[in-house]
Structure formats: C-alpha cells, structure tokens
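Trainee: here are the coordinates; sequence isn't available:
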C-alpha cells in the first residue's frame, strides 16, 4: 500500500479540457495522484474516473507496449472531493507481455484495485471480430435525453437527467429510449456516446484512458433493462462491484461509439452486464463485462 495517505483535496475539473481530467501527478516511484476530479452533488467518486486514472498510472510505468486487458474491483465508495493515490506494482515484464497491479487509495485505505496487461505490437496473423449490430440507427437521427423528456415526460429520463449533470461533457444518444423504465424482454440496451472535447487530443494514450472512462458509463444499467420501473414507485440503486475491459482496436472517443450491451443474468442483488463498443465504421474497439449491486428504493 502507498505511504502517501495525506494529499490535498482534488480541484474541480473545469468541464472543458478533457486531457486535464486524465492527467496524473507523480508522487514518487510508481505512485501517482489525480489533481482534478469530476464533482458530483452526492460527492461520490465516479468509478469510470478511477478506472481511467488507474490505466494512466499503469501506462506511466510501461514503455513501447499497449494495454490490452484489465480486471478491476471497486472495494469502497470513493470521495469525489479528495484526491486518490495510485500505487503501481510492476508485477512482470516479459519478452512480449507486461503485467501491472494498481491499488487506488484514499486516506490510506484501498478503494479499488486492478490487474492489467500490456503487449508488444506483433504481426496480425489472426484477425476477426463480432459483426456490427444490425439495425442500430445513425446517432445523428436520435433525440437527446433532454428532447426525449420534453416530449414524453418520462420519469426515468428525468431521473437520469438529474444524475447526468456532472457528465454533460459526454454526448449520448439512446437507442429505444422508451425502454428506459425497463420491461425490455431481451435484456439489451444500446447507446451511442462520444466526448466532443477530446477532438483536440491527439495522444492515443489519452483516448485509451477515455475509452476506459466511458466503458463504465451506462453498463450496469443493462441489468435493469428487463425489469419494470415504469410504475414510478421504485427507483433503482446500483453500485459497481467489478469491471473487466479488453482493448481490441484503436478508437477515438471524440467520434461516435456504439455501446451494445446485454445482461445474461441478475439474481440475489447482483446483475451481470456485458458490452461491445463499436466505431461508426463497424470496427470492434473494446469488450467489457461488469457485475453491479442492484437494489430498489420506494
């Protein structure tokens, strides 16, 4: 565990310079911290931000290799107003692969840990991918969440908009928004998203971090898709437990990405969601899986 238990509070991110949100400061050998953070009204730390910063910390200890997979656990709820300390353990550096373990802490207590793997750029002797989902509409033809709420008064859309305020930098279009309240029998959800402000970022590692950042956005909600919240008497409560992500092909997050998600199972207050992230030209950029705690309040 890191010895850097006491660090200054995180500054509020300005909402414009997305590269600054991904930036980390070195605290010493293989220890890093985040200068700024997305501030939410409930002070809870967004899991995707911790994930992206952990990826950045691990990348800071590897040269000439790219990350291809990660497996992470969210251990405690983080405080969005406080900095996080990321300690990187250089588990192994082999001929083709490097492994890293990252522990994220606040106040000396771990809130998150992640194992990840990097690889060299070998020749592509094998190349295949899942097909691009058929029937997904062009994102520019879909309404925004605000426009959907204005025309329908959907209470789930209203609830999501309340939670969305700190994430206005993410442009999102929901396929089939009429199922936001659940009752979709195929347990599937699709959204298009992008971060337009990343257009000025030309560093591939920033887009890799931001892809991890986006991969936690809306994924757990796929496990709610077949369950009915339309009666307006129940509100879903969710908290990420673990998260896995595989990076397949390069992608820029300032361009539209389709997140095609489904949930094979939910039981005993835990729901499993899976996702495939495609570019507009049909290239499979990444795959994800996540378990989340699922409960309801009345």
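Mentor: Everything's here; your move. Since we're looking at a predicted model, the values are computed, not measured.

Trainee: can you give me the pLDDT of the one residue sitting closest to the centre of the chain?
Mentor: Compute the mean C-alpha point of the chain, and by CA atoms, centre = their mean the closest residue is residue 216, 2.5 Å away. With respect to pLDDT, residue 216 scores 96.

Trainee: partner residues bridging the closest residue in space to residue 61 that isn't next to it in sequence?
Mentor: Leaving aside its sequence neighbours, residue 61 sits nearest to residue 88 (CB to CB, 6 or more residues apart in numbering; 5.1 Å). Any C-beta I mention is one placed from the backbone N, CA and C, and that applies to glycine too. Note on residue 88: beta-bridge partners residue 102, judged by DSSP bridges.

Trainee: show me the contacts for residue 88.
Mentor: By CB atoms under 8 Å, 6 or more residues apart in numbering, the contact set of residue 88 is 30, 31, 32, 57, 58, 60, 61, 100, 101, 102.

Trainee: pull the residues that contact the helix or strand encompassing the fourth one.
Mentor: Yep, that's residue 57 we're talking about. Element membership for residue 57 (DSSP states H and E) is helix 47-59. The list of residues contacting helix 47-59 from outside it, by CB under 8 Å, 6+ apart, reads 21-24, 32, 34, 37-38, 67, 70, 72, 74, 78, 84, 86, 88, 100, 102, 104, 111-112, 114, 116, 118, 205, 208-210, 212-217, 240, 243, 245.

Trainee: out of those residues, which end up buried?
Mentor: Buried subset of the contacts of helix 47-59 (neighbour count, 16 or more other CB atoms under 10 Å): 21-22, 24, 32, 34, 37-38, 67, 70, 72, 74, 78, 84, 86, 88, 100, 102, 104, 111-112, 114, 116, 118, 208-210, 212-217, 240, 243, 245.

Trainee: in helices, which of these fall?
Mentor: 21, 22, 208, 209, 210, 212, 213, 214, 215 (DSSP state H).

Trainee: show the contacting residues for the second one.
Mentor: This points to residue 22. 52, 53, 56, 206, 209, 210, 213.

Trainee: assumed the fourth one was part of a strand.
Mentor: Put plainly, it is residue 206. No. Counting by DSSP: H, G, I helix; E, B strand; the rest coil, residue 206 is not part of a strand but helix.

Trainee: hang on, it packs against residue 199?
Mentor: No. Look at residue 206 against residue 199 with CB atoms under 8 Å: they stay out of range, at 11.5 Å.

Trainee: ok, those two, which is more surrounded?
Mentor: residue 206 (20 against 13; other CB atoms under 10 Å).

Trainee: and the pLDDT for that one?
Mentor: For residue 206, pLDDT reads 97.

Trainee: check contacts around it.
Mentor: Counting by CB under 8 Å, 6+ apart, residue 206 has contacts 18, 19, 22, 198.

Trainee: tell me how far residue 287 lies from residue 194.
Mentor: 19 Å (CB to CB, to the nearest Å).

Trainee: counting neighbours, go ahead and name the busier of those two.
Mentor: Set side by side, residue 287 and residue 194 show more neighbours around residue 194, with 21 against 18, by other CB under 10 Å.

Trainee: residues contacting that one?
Mentor: 170, 171, 253, 254, 255, 256, 257.

Trainee: likewise for residue 256?
Mentor: Counting by CB under 8 Å, 6+ apart, residue 256 has contacts 139, 192, 193, 194, 279, 280.

Trainee: quick check: phi and psi at the fifth one.
Mentor: The main-chain torsion angles of residue 279 are listed as degrees, to the nearest 10 and equal phi -80, psi 170.

Trainee: the last one too?
Mentor: The phi/psi pair for residue 280 (degrees, to the nearest 10) reads phi -70, psi -20.

Trainee: from here on, count from 29
Mentor: New numbering, starting at 29: the last item is residue 308.

Trainee: look up how far residue 126 lies from the residue nearest to the centre of the chain.
Mentor: Residue 244 is 24 Å from residue 126, by CB to CB.

Trainee: mean confidence for the helix holding residue 85?
Mentor: Here helix 75-87 scores 98 as its mean pLDDT.

Trainee: before we move on, what about stretch 109-125?
Mentor: pLDDT averaged over stretch 109-125 gives 96.

Trainee: ends of that stretch, how far apart?
Mentor: 36 Å (CA to CA, to the nearest Å).

Trainee: on that earlier part again, just want the angle from the helix holding residue 85 to helix 232-243.
Mentor: Per axes from the mean of the first three to the mean of the last three CA atoms, to 10 degrees, the angle that helix 75-87 makes with helix 232-243 is 150 degrees.

Trainee: so which bits of helix 75-87 are buried?
Mentor: 75-87.

Trainee: rebuild the residues you listed as TSV, extending it with distance to residue 254.
Mentor: Output for the buried residues of helix 75-87, formatted as TSV (distance: CB to CB, whole Å):
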residue	distance to residue 254
75	23
76	24
77	29
78	29
79	26
80	30
81	33
82	32
83	31
84	36
85	37
86	36
87	37
